[in-house]
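> here is the input, now give the coordinates:
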Amino acid sequence: MKCGILCGGQGMRMEDLTKDIPKPLLQIGGKPTLCRLMDHYAKYGIEEFILCVGYLGDKIEDYFKQNPVKYNVKVVDTGNNCTKAERLLKVRDLLGEQFYVAYGDDLSDVDLNKLKQFYIKMGKTAVLTAIRPQNPFGVLDIDNETGLIKNFKEKPLMNEWINGGYFIFNKNIFDYFDKGDELEKEIFEKLVKKGEIAAYQHTGFWKSMNTTKDYAELNLMYEQGKL
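I've put the predicted structure just below:
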């Protein structure tokens, strides 16, 4: 199976960090985030990657020309102003019957063998990895009758599950695509209505690099040996 990696966004919440460098090339512990992501997939035997680039995509292509990797990497310019769904549609012929899809800025220790086993067991068009993110705020446990605070919980895991990426799709997903659709909105909503999408619940490490704060935290985690 191949893995399509979505790495065409502008990283607008990264301030000046992504002015001249696409977000997937920002380094965590001296290595681009994108390469760390591919290393994780390679641990499970996935070594063919289709990179769906857009914003500063030439920088990603140049990086792999200048820094050859042991993986089979194909860089495809899918445009600067496309939805994630449109990017996947442009590379559909390169992906095969069933394939992994990843965001280029999420890192996790998800067990891809277990993810695949779950995908096979469910027999659905799509499986996503669901995670419980950490609440960015401290939480108060308040007694409703007295108004007294019973406990402080410092940034606990949320009760809700969210989309953590690390998908497996089969080619039938493209039957749900319409022009202008976004993957996480219209397409997933169609799949939900048809009962064709399932969630693999991952309770281990996961972190998305959406902001400069996330970037700093990931580098600190690396320095502390937690990544």
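> neighbours around Leu107, how many?
By the measure other C-beta atoms under 10 Å, the count of residues near Leu107 is 20. For every residue, glycine as well, the C-beta is placed using N, CA and C.
> ok, now which ones touch it?
Counting by C-beta atoms under 8 Å, 6 or more residues apart in numbering, Leu107 makes contact with 28, 33, 36-37, 40, 205-207, 209, 218, 227.
> list the buried residues in stretch 65-81.
71, 73, 75-79 (16 or more other C-beta atoms under 10 Å).
> which two of those residues have the greatest separation?
Longest distance between any two of the buried residues of stretch 65-81 is 23.9 Å, between Tyr71 and Gly79; criterion C-beta to C-beta.
> which parts of the chain are strands?
3-7, 27-28, 31-32, 48-53, 72-77, 98-103, 106-108, 126-131, 139-142, 149-153, 162-163, 167-170, 197-201, 206-208 (DSSP state E).
> still on that earlier bit, in a markdown table, list the buried residues of stretch 65-81 along with pLDDT.
Formatted as a markdown table, the buried residues of stretch 65-81 follow (pLDDT from 0 to 100):
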| residue | pLDDT |
| --- | --- |
| Tyr71 | 94 |
| Val73 | 96 |
| Val75 | 96 |
| Val76 | 96 |
| Asp77 | 95 |
| Thr78 | 94 |
| Gly79 | 89 |
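> most centrally placed residue in this structure?
In the chain, the residue lying closest to the centroid (C-alpha atoms, centre = their mean) is Tyr103, at 3.0 Å.
> distance of the closest residue to that residue other than its chain neighbours relative to Tyr44?
Spatial nearest neighbour of Tyr103, chain neighbours left out: Gly165 (4.3 Å); criterion: C-beta to C-beta, 6 or more residues apart in numbering. Taking C-beta to C-beta, to the nearest Å as the measure, Gly165 falls 15 Å from Tyr44.
> so between those two, which is more surrounded?
It is Gly165, of Gly165 and Tyr44, that has more neighbours when counted by other C-beta under 10 Å, with 21 against 16.
> would you mind listing the residues in contact with the nearest residue to Cys52 once chain neighbours are set aside?
With C-beta to C-beta, 6+ apart as the criterion, Cys52 has its nearest non-adjacent residue at 4.0 Å, and that residue is Arg87. For Arg87, the contacting residues are 6, 8, 52, 54, 78-79, by C-beta under 8 Å, 6+ apart.
> just to revisit the earlier point, quick one, what contacts the residue nearest to Tyr103?
Contacts of Gly165 by C-beta under 8 Å, 6+ apart are 101-103, 106, 108, 128-129.
> quick check on Tyr71: phi, psi?
The phi/psi pair for Tyr71 (degrees, to the nearest 10) reads phi -90, psi 160.
> spatially nearest residue to it, not counting backbone neighbours?
Nearest non-adjacent residue to Tyr71, counting by C-beta to C-beta, 6+ apart: Glu47, 4.6 Å away.
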